[in-house]
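K.L.:
only geometry, no sequence info:
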């Protein structure tokens, strides 16, 4: 009951949780990891699960490069969480070739 009646406690906890959850969900979506995305969306651990994911399970840029994958994941239309724009990679290549 103390937490609910004292906004000096729950407002910083809420902001902390929103920051870490937003960052982790963004990373999971960009990395095409739907299982992590769904778990972090449904389970509220006040940022603990999100920090564990970001520090231990989310592949880092250098890990992606060592696997031969591009470090910049901003483009493309692969995966359920990526934006499928009007000009996908094939369209851009066709326009560039002509």
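P.N.:
Looks like it arrived, so ask away. Computed from a prediction, not measured in an experiment: that's the story for all the values here.

K.L.:
doesn't residue 43 make contact with residue 17?
P.N.:
No: with contact defined as C-beta atoms under 8 Å, residue 17 does not reach residue 43; the gap is 11.5 Å. Where C-beta positions appear, they are placed from N, C-alpha and C, glycine not excepted.

K.L.:
Same drill for the two, tell me which one is more crowded.
P.N.:
residue 17 (17 against 11; other C-beta atoms under 10 Å).

K.L.:
The more buried one: which element?
P.N.:
helix 7-30 (DSSP states H and E).

K.L.:
avg pLDDT for that helix?
P.N.:
Helix 7-30 comes out with an average pLDDT of 91.

K.L.:
how about the helices in this protein?
P.N.:
With DSSP state H as the criterion, the chain has helices at 2-5, 7-30, 34-42, 48-52, 61-66, 89-97.

K.L.:
Comparing those, which comes out most buried?
P.N.:
Highest mean neighbour count among the helices of the chain (mean count of other C-beta atoms under 10 Å): helix 48-52, with a mean of 16.

K.L.:
How much space separates residue 47 from residue 5?
P.N.:
22 Å (C-beta to C-beta, to the nearest Å).

K.L.:
What of residue 16?
P.N.:
19 Å.

K.L.:
just for the protein, where's the confidence low?
P.N.:
Residue ranges of the chain with pLDDT under 70: 1-3, 61-98.
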